[in-house]
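Q: I need the structure of the sequence given here:
(one chain, ligands or ions: 1)
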Amino acid sequence: MNLYSGHINRLIEELASLPGIGDKSAGRIAFHIVHMPKDRVTRLANAITDAREHVHHCKVCCTLTDDEICPICSNPKRDHHTIMVVENTRDQAAYEKTGKYEGVYHVLHGAISPMLGIGPSDIRLKELMARLASDDIEEVIIATNSSLEGETTAMYISKLVKPTGIRCTRIASGVPVGGDLEYIDEVTLLRALEGRTEL
Ligand code: ZN
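A: Model prediction:
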């Protein structure tokens, strides 16, 4: 039985398919949208299509950016000899927010998870190894989450990096197990970075 108009139903279905939005929230947002002024709805819809259209992966670090090369990779003031490897752009933003890390990043867009069938070739590891082979890199700091997937990924990367002779470190476990980097406060992030250990 359809309780609402076809268009509202469709909107609810689309919203409910997004992460973190359950049926109840989807309903609330859908009704909010149909009551919004039309120009605001257009702005919202355009923001979604524009982001999808114009955001792509940085050619160097694979983060999400509007430019071919992201502002961090193209900043000559950054230390381009140190690469911090993170799982996603939100984790990168968490470290950027501390304002204390001066190196550059590499964004994997995921973590290895045998359970979910995500293997090394499903994340941006090939791109990382290409950077290590061609650039003058002195240290790789592995800042994947301390979840099982994050640890598995860290292990895997350290095994790839070691033969290159490049220093390979792992952020300290001040980050709680299973904790998503993006939700952890800046002090903890900095402590984890400063207390990093050799792998
Ligand atoms: Zn970049």
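
Q: Only C-alpha atoms from now on, for both contacts and neighbour counts.
A: Fine.

Q: Report how many residues lie close to residue 162.
A: By other CA atoms under 10 Å, 12 other residues sit near residue 162.

Q: OK, contacts around the most centrally placed residue in the chain?
A: Nearest to the mean C-alpha position of the chain, by CA atoms, centre = their mean, lies residue 88 at 1.3 Å. Contact analysis of residue 88 by CA atoms under 8 Å, 6 or more residues apart in numbering lists 63, 107, 108, 109, 110.

Q: Am I right that the fourth one falls within a helix?
A: No. When DSSP: H, G, I helix; E, B strand; the rest coil is applied, residue 109 is found to be coil, with no helix at that position.

Q: Setting aside sequence neighbours, what's the nearest residue to it?
A: Leaving aside its chain neighbours, residue 109 sits nearest to residue 88 (4.8 Å; criterion: CA to CA, 6 or more residues apart in numbering).

Q: Give me the phi and psi for that neighbour.
A: phi -150, psi 170 (degrees, to the nearest 10).

Q: For the ion, see how far away it is.
A: 12 Å (CA to the ion, to the nearest Å).

Q: same deal with residue 35?
A: 40 Å.

Q: Looking at that residue now. What's its pLDDT?
A: The model reports residue 35 with a pLDDT of 97.

Q: any idea how far it lies from residue 195?
A: Distance of residue 35 to residue 195, computed by CA to CA, to the nearest Å: 51 Å.

Q: now do residue 111
A: 22 Å.

Q: Looking at these two, which one has more neighbours?
A: Between residue 111 and residue 195, residue 111 has the larger neighbour count (other CA under 10 Å), namely 26 against 15.

Q: what's that one in contact with, if anything?
A: Contacts for residue 111 (CA under 8 Å, 6+ apart) come out as 87, 118, 123, 144, 149, 150, 152, 153.

Q: For it, what are phi and psi?
A: In terms of degrees, to the nearest 10, the main-chain angles of residue 111 are phi -140, psi 150.

Q: Among the contacts of residue 88, name the buried ones.
A: 63, 107, 108, 109, 110 (16 or more other CA atoms under 10 Å).

Q: Good, we can wrap up now.
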